[in-house]
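J.: sequence-free structure coming up:
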Ligand SMILES: CC(C)(COP(=O)(O)OP(=O)(O)OC[C@H]1O[C@@H](n2cnc3c(N)ncnc32)[C@H](O)[C@@H]1OP(=O)(O)O)[C@@H](O)C(=O)NCCC(=O)NCCS
């Protein structure tokens with residue numbers, strides 16, 4: 001509701017605008033110093049971000065394990081179905097990777113070439129995600145993480161990695177359905193014990209794994225230097241060249257001997 005101006009004020013002759021405070025050189029100087037300060041702190045923050053990204057990265061990795069149970073089959077939702085990975089899926093996977101920008105194209109190409117096991121998850125006819133694993137049914141191939149984290153796979157163990165669900169399908173439990181269906185199929189191949197790892201900072205993945213019954217076994221701090229060197233569990237690794245065989249997507253040990261657990 002508009003407020004009426006009291007006549008006594010409305011009729012009053014307009015007064016000269018109050019003179020502002022006299023410019024104070026000390027205050028102006030303080031403002032300039034403040035502006036310089038925030039410029040410097042912005043620049044420092046930028047440098048720190050570049051250092052964190054390209055020069056020195058520290059990450060906490062949580063090693064996890066799980067036993068496949070009957071409950072993987074008991075998932076009620078029926079939105080996702082999974083198909084075992086075949087080498088002729090590569091083009092479809094690469095197109096999916098480009099469409100969703102998962103940054104995994106080079107790795108995926110290597111995984112398929114090496115012969116890792118995997119599943120593709122579809123909603124109706126649309127590819128929505130994937131999962132890879134390595135174990136006794138993968139023709140003797142191994143994954144560098146198995147040695148790095150000292151997973152003992154044996155005949156019924158598999159190392160599970162690279163779980164991915166496309167962003168438009170996240171939330172609402174589809175990831176749980178995708179992964180549980182993959183585990184149920186792995187059980188049919190004779191797998192019972194699964195190993196994996198998750199970054200401590202990856203909250204959606206940690207919650208997903210907790211919901212699927214993974215158990216934390218150990219935490220490892222890894223340090224990456226200049227995107228080329230990896231120091232983990234007292235061992236130094238160097239990144240393989242992308243074209244190197246068989247693990248161009250990962251690191252190889254340079255020196256250091258890990259303590260036996
Ligand atoms: C990991 C991934 C598959 C999880 O899929 P998702 O669809 O995001 O999973 P959801 O949204 O169902 O999240 C799982 C749970 O975590 C919760 N959650 C998600 N993000 C969260 C956050 N930042 N903080 C707290 N809870 C969170 C969700 O609420 C959900 O619980 P609910 O089902 O009870 O609601 C998906 O995020 C992904 O593909 N990420 C990129 C690749 C990746 O990081 N893979 C993991 C490698 S180990």
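T.: The structure has been received and is ready for your questions. Values in this document were obtained by computation on a predicted structure and should not be read as measured data.
J.: Can you name the residues of the chain sitting close to the ligand?
T.: Proximity of the chain to the ligand (CB under 6 Å from any ligand atom) is limited to residues 163-165, 170-171, 173-175, 198, 202-205, 207-208. Any C-beta I mention is one placed from the backbone N, CA and C, and that applies to glycine too.
J.: buried subset of those?
T.: 163, 164, 165, 173, 174, 175, 198, 205, 208 (16 or more other CB atoms under 10 Å).
J.: Backbone dihedrals for residue 84, please?
T.: phi -60, psi 140 (degrees, to the nearest 10).
J.: for it, what are its contacts?
T.: Residues near residue 84 by CB atoms under 8 Å, 6 or more residues apart in numbering: 117, 118, 119, 185.
J.: Tally up the residues packed near residue 97, please.
T.: 20 (other CB atoms under 10 Å).
J.: ok, it - contacts?
T.: 103, 104, 105, 108.
J.: and it, that one's in a helix?
T.: Yes: counting by DSSP: H, G, I helix; E, B strand; the rest coil, residue 97 is found in a helix.
J.: Now the helix or strand harbouring residue 59: buried residues?
T.: Secondary structure from DSSP states H and E places residue 59 in strand 56-67. The neighbour-count check on strand 56-67 (16+ other CB under 10 Å) flags 61, 62, 63, 64, 65, 66 as buried.
J.: Stretch 150-170 now?
T.: 151, 153, 156-166, 169.
J.: can you check stretch 214-234 too?
T.: 214, 222, 224, 230, 231, 232, 233.
J.: want to try a markdown table for those residues, with secondary structure and distance to residue 75 as columns?
T.: Conversion of the buried residues of stretch 214-234 to a markdown table gives the following (DSSP: H, G, I helix; E, B strand; the rest coil; distance: CB to CB, whole Å):
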| residue | secondary structure | distance to residue 75 |
| --- | --- | --- |
| 214 | coil | 16 |
| 222 | strand | 33 |
| 224 | strand | 36 |
| 230 | strand | 36 |
| 231 | strand | 40 |
| 232 | strand | 34 |
| 233 | coil | 35 |
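J.: Nearest to the ligand among those residues?
T.: residue 214 (9.7 Å; CB to the nearest ligand atom).
J.: Provide a list of residues in contact with the nearest residue to residue 225 once chain neighbours are set aside.
T.: Once flanking residues are discounted, residue 225 sits nearest to residue 56: 5.8 Å by CB to CB, 6 or more residues apart in numbering. Residues in contact with residue 56 (CB under 8 Å, 6+ apart) are 223, 224, 225, 226.
J.: Just to be sure, which of the contacts of residue 84 are found in helices?
T.: residue 185 (DSSP state H).
J.: between the contacts of residue 84, which is nearest residue 75?
T.: residue 185 (12.4 Å; CB to CB).
J.: Go ahead and confirm the closest one touches residue 119.
T.: Yes: here residue 185 reaches residue 119: they are 6.3 Å apart, a contact under CB atoms under 8 Å.
J.: Those two: which is more packed in?
T.: With neighbours defined as other CB under 10 Å, residue 185 and residue 119 compare such that residue 119 has more, 23 against 18.
J.: all helices of the chain, in order?
T.: Per DSSP H, the chain carries helices over the ranges 7-10, 25-50, 90-100, 105-114, 144-148, 174-188, 203-211.
J.: In space, what's closest to residue 89 - neighbours in sequence excluded?
T.: residue 120 (6.0 Å).
J.: So, low pLDDT: which residues of this protein?
T.: The model of the chain has pLDDT under 70 over residues 1-23, 258-261.
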